[in-house]
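Asks: here are the coordinates; sequence isn't available:
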């Protein structure tokens, strides 16, 4: 998967989750792949100026192990 550096404040929409919180929402049926799309994010510091963000949407049921956060976009 390819990632690009993106300013933290570039997007003023979507919901930002830690991976384990997002996975819990998926498990309880809060979101499914018909509800929206997600980008994977790699960051050590959520207040950093830039994040590494995937260039394509991810499979929400198979999140890569090196991902720290998920950026969720409702339809």
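Replies: It's in. This is a predicted model, so every value here is computed, not measured.
Asks: so how many other residues sit close to residue 40?
Replies: 24 (other C-beta atoms under 10 Å). No exception for glycine: its C-beta is placed from N, CA and C like everyone else's.
Asks: okay, the residue located most distally from the centre of the chain: pLDDT?
Replies: What lies farthest from the middle of the chain is residue 28; by C-alpha atoms, centre = their mean that is 17.8 Å. Predicted confidence (pLDDT) for residue 28: 95.
Asks: how long is stretch 40-53 end to end?
Replies: 6 Å (C-alpha to C-alpha, to the nearest Å).
Asks: got the contact list for it?
Replies: 1, 3-8, 16, 39, 54, 58, 63-64, 66-71 (C-beta atoms under 8 Å, 6 or more residues apart in numbering).
Asks: can you map out the helices along this structure?
Replies: Ranges of helices in the chain, per DSSP state H, are 19-27.
Asks: on that earlier part again, and the contacts of stretch 40-53, which are buried?
Replies: 3, 6, 8, 16, 39, 54, 58, 63, 67, 69, 70, 71 (16 or more other C-beta atoms under 10 Å).
Asks: Kindly reformat the residues you listed as JSON lines containing distance to residue 24 and pLDDT.
Replies: Listed next are the buried ones among the contacts of stretch 40-53 as JSON lines, based on distance: C-beta to C-beta, whole Å; pLDDT from 0 to 100:
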{"residue": "3", "distance to residue 24": "24", "pLDDT": "92"}
{"residue": "6", "distance to residue 24": "25", "pLDDT": "89"}
{"residue": "8", "distance to residue 24": "24", "pLDDT": "79"}
{"residue": "16", "distance to residue 24": "15", "pLDDT": "90"}
{"residue": "39", "distance to residue 24": "19", "pLDDT": "93"}
{"residue": "54", "distance to residue 24": "21", "pLDDT": "92"}
{"residue": "58", "distance to residue 24": "17", "pLDDT": "92"}
{"residue": "63", "distance to residue 24": "12", "pLDDT": "92"}
{"residue": "67", "distance to residue 24": "15", "pLDDT": "94"}
{"residue": "69", "distance to residue 24": "14", "pLDDT": "94"}
{"residue": "70", "distance to residue 24": "12", "pLDDT": "95"}
{"residue": "71", "distance to residue 24": "17", "pLDDT": "92"}
